[in-house]
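In: kindly generate the corresponding structure for this input.
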Amino acid sequence: QVQLVESGGGLVQAGGSLRLSCAASGRTFTSRAMGWFRQAPGKEREFVAAISWGGGSTNYADSVLGRFTISRDSAKNTVYLQMDSLKAEDTGVYYCTASRSSASASNLEGLYTYWGQGTQVTVSS
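Out: Down below sits the predicted model:
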């Protein structure tokens with residue numbers, strides 16, 4: 001089992017920045033792809049970003065490309081999501097996720113097995 005705990009969410013004005021962290025514990029996650037998804041009120045959960053097991057490959061949703069950066073520190077068992085130039089439409093609950101079997105930075109929700117509880121991000125316009 002892998003446990004994921006997100007932190008770093010909060011309230012920020014449009015144009016501002018936030019950095020989300022996801023600490024993993026339990027069985028090693030270094031061989032697994034990790035990712036971030038988000039869910040806005042009244043909407044389905046959507047892909048935000050993913051990173052391969054080695055960190056050499058990343059994948060982003062078009063809506064965040066150029067503004068968000070995903071990274072991982074395997075020594076600390078932590079994945080980060082740096083969010084810059086935030087917009088009101090970035091508001092939502094952000095979930096960290098890890099795949100049990102896939103090593104690639106996929107945007108497919110079905111490939112991810114473990115999920116955190118989520119952290120709220122609110123961007124005021």
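In: can you check the pLDDT for the residue lying closest to S52 once chain neighbours are set aside?
Out: Distances taken as CB to CB, 6 or more residues apart in numbering put A105 closest to S52, at 4.6 Å, once the chain neighbours are dropped. (C-beta placed from N, C-alpha, C; glycine too.) pLDDT recorded at A105 is 93.
In: now A105: which helix or strand?
Out: If you go by DSSP states H and E, A105 is not part of any helix or strand.
In: for the most centrally placed residue in the chain, which non-adjacent residue is closest in space?
Out: Closest to where the C-alpha atoms of the chain average out (CA atoms, centre = their mean) is W36, at 2.2 Å. Sequence neighbours aside, V48 is the residue nearest to W36 in space, at 4.3 Å (criterion: CB to CB, 6+ apart).
In: and the top strand by length along the chain, what's buried?
Out: In the chain, taking DSSP state E as the definition, the longest strand is strand 18-26. Neighbour-count burial for strand 18-26 flags 18, 20-22, 24 (criterion: 16 or more other CB atoms under 10 Å).
In: need those in a markdown table (columns: pLDDT and distance to Q1).
Out: Formatted as a markdown table, the buried residues of strand 18-26 follow (pLDDT from 0 to 100; distance: CB to CB, whole Å):
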| residue | pLDDT | distance to Q1 |
| --- | --- | --- |
| L18 | 98 | 28 |
| L20 | 98 | 22 |
| S21 | 98 | 20 |
| C22 | 96 | 16 |
| A24 | 91 | 11 |
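In: what is the nearest of those residues to K87?
Out: Proximity of these to K87 (CB to CB) peaks at L18, which lies at 12.1 Å.
In: what are the bridge partners for the closest one, then?
Out: When bridges are called by DSSP bridges, L18 pairs up with M83.
In: now for the longest strand of the chain, which elements pack on it?
Out: On a contact count with 3 or more CB pairs under 8 Å, 6 or more residues apart in numbering; DSSP states H and E, strand 18-26 meets strand 2-7, strand 34-39, strand 78-83, strand 92-98, strand 119-124.
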